[in-house]
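**Q** fold the following.
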Amino acid sequence: MKAMVLREPGAPDNLRLEEVEKPSPQKGEVLVKVRAISINPVDTKTREGKAFYNQLNETPPVIIGWDISGEVVEVGEDAKFFKPGDEVFGMVNFPGNGRAYAEYVAAPEAHLAHKPANVPHHEAAAATLAALTAWQVLVHEAGIQPGQRVLVHAAAGGVGHFAVQLAKYFKATVVGTASAENHDFLRNMGADETIDYNEYKVGDVVRDADIVLDSLGEENTRRSLQTLKDGGKIISILGGAKEAVQQLAKERNIEAKNYLVHSSGEDQTKLAELMAQGLLTAHVSHVYDFEDMAKAHQQVETRKTRGKVVVTVG
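**A** Residues are numbered from 1 along each chain as shown. The predicted structure is shown next:
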């Protein structure tokens, strides 16, 4: 099969299309013929030799990626939930070795969900790591409740645009930060208020948030503490809740913590149900062919993508 192999970390052009052995599904796994792959910032960092590169390099060749949508073609021993011909999507083995940049991926069936029939593969692939992050942060970590005020940073991005929609689904009031050209997009996603981060300091505008989802890092996490009300929660998906930030938060009766998404077919199925009902939409702004993986990485690295970047296979 063809796969994008990273022989050494570095630039996007280091991803090379090669012939490698097709995997066989092991116990509890299914073999998926991949139709679409979602590209995330963690992919580009891993390609550079950061993030999960060393872990993946323990079992060469290094094939990065975690987000897929495709069709089951084979099932392993004790695989009970899917059969050949089923269309599935999910984030595979994260954190770990997903080996998603390939024509075929062996995936634990516990990491997958049935793809809604009304959702094309490129949109399903987009609603994996980013959508799961938004879901797990808001539902499992923050315990979102109707009527709460939720501040989403980088709200027009991958995680952000899902977080806006999910917060609205849970009947929260949603405030999103983004550049001015993305404000109409955010309102269409359901945001009640938009803040241009180029014009305003968010702490000067928002003072009564119950939940903050931070995707920008320590400096932003620290600044965002002043946006929260007493007893509020700020969750950083970029490690921004350092010890010093957590101490500042504690002094103000605010909970500050970091969160790393994990694979979950159960959570993915919840997202699939919302997508099937039209209550959650993946906005895919750029679609590339498999051979153009380097271009997809370059787009993600601009940090200016609205929604998601997806690569189609076959």
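**Q** following the helix or strand of the chain with the lowest mean pLDDT, which helix or strand comes up?
**A** One helix or strand of the chain scores below all others by mean pLDDT, DSSP states H and E: helix 202-205, with a mean of 90. Toward the C-terminus, helix 202-205 is succeeded by strand 209-214 as the next helix or strand (DSSP states H and E).
**Q** which neighbouring elements make contact with that following strand?
**A** strand 149-152, helix 158-169, helix 218-224, strand 228-236 (3 or more C-beta pairs under 8 Å, 6 or more residues apart in numbering; DSSP states H and E). Using the backbone N, CA and C atoms, a C-beta is placed for each residue, glycine as well.
**Q** so in that sheet, which strands flank it, and in what orientation?
**A** Looking at strand 209-214 with DSSP bridges, its partner strands are strand 149-152 (parallel), strand 228-236 (parallel).
**Q** what lies in contact with that strand?
**A** If you take C-beta atoms under 8 Å, 6 or more residues apart in numbering as the criterion, strand 209-214 is touched by 134, 137-138, 142, 144-145, 148-153, 159-160, 163, 167, 172, 175, 220-221, 224, 227-229, 231-238, 240.
**Q** swap the cut-off to 7 Å and go again
**A** 137, 142, 144, 148-153, 163, 220-221, 224, 227-229, 232-236, 238, 240 (C-beta atoms under 7 Å, 6 or more residues apart in numbering).
**Q** am I right that Gln247 falls within a helix?
**A** Yes: judged by DSSP: H, G, I helix; E, B strand; the rest coil, Gln247 forms part of a helix.
**Q** burial check on it, number of neighbours?
**A** 10 (other C-beta atoms under 10 Å).
**Q** which ones are touching it?
**A** Taking C-beta under 7 Å, 6+ apart as the test, Gln247 contacts no residue whatsoever.
**Q** am I right that Asn198 is in contact with Ala178?
**A** No: using C-beta atoms under 7 Å, Asn198 is not in contact with Ala178; the gap is 9.6 Å.
**Q** pick out whichever of the two has more residues nearby.
**A** Taking other C-beta under 10 Å, Asn198 and Ala178 do not tie; Ala178 has more neighbours (25 against 9).
**Q** so what's the residue count around Lys50?
**A** 12.
**Q** okay, it: pLDDT?
**A** Per-residue confidence for Lys50 comes out at a pLDDT of 98.
**Q** got phi/psi on it?
**A** phi -100, psi -160 (degrees, to the nearest 10).
**Q** what's the answer for Asn54, then?
**A** phi -60, psi -40.
**Q** list the contacts of Phe170.
**A** Leu138, Ile144, Pro146.
**Q** the second one and Thr173 touch, don't they?
**A** Going back to what we said before, that points to Ile144. No: counting by C-beta under 7 Å, Ile144 stays clear of Thr173, with 11.3 Å between them.
**Q** quickly list what's touching both of the two.
**A** By C-beta under 7 Å, 6+ apart, the residues touching both Ile144 and Thr173 are Val150.
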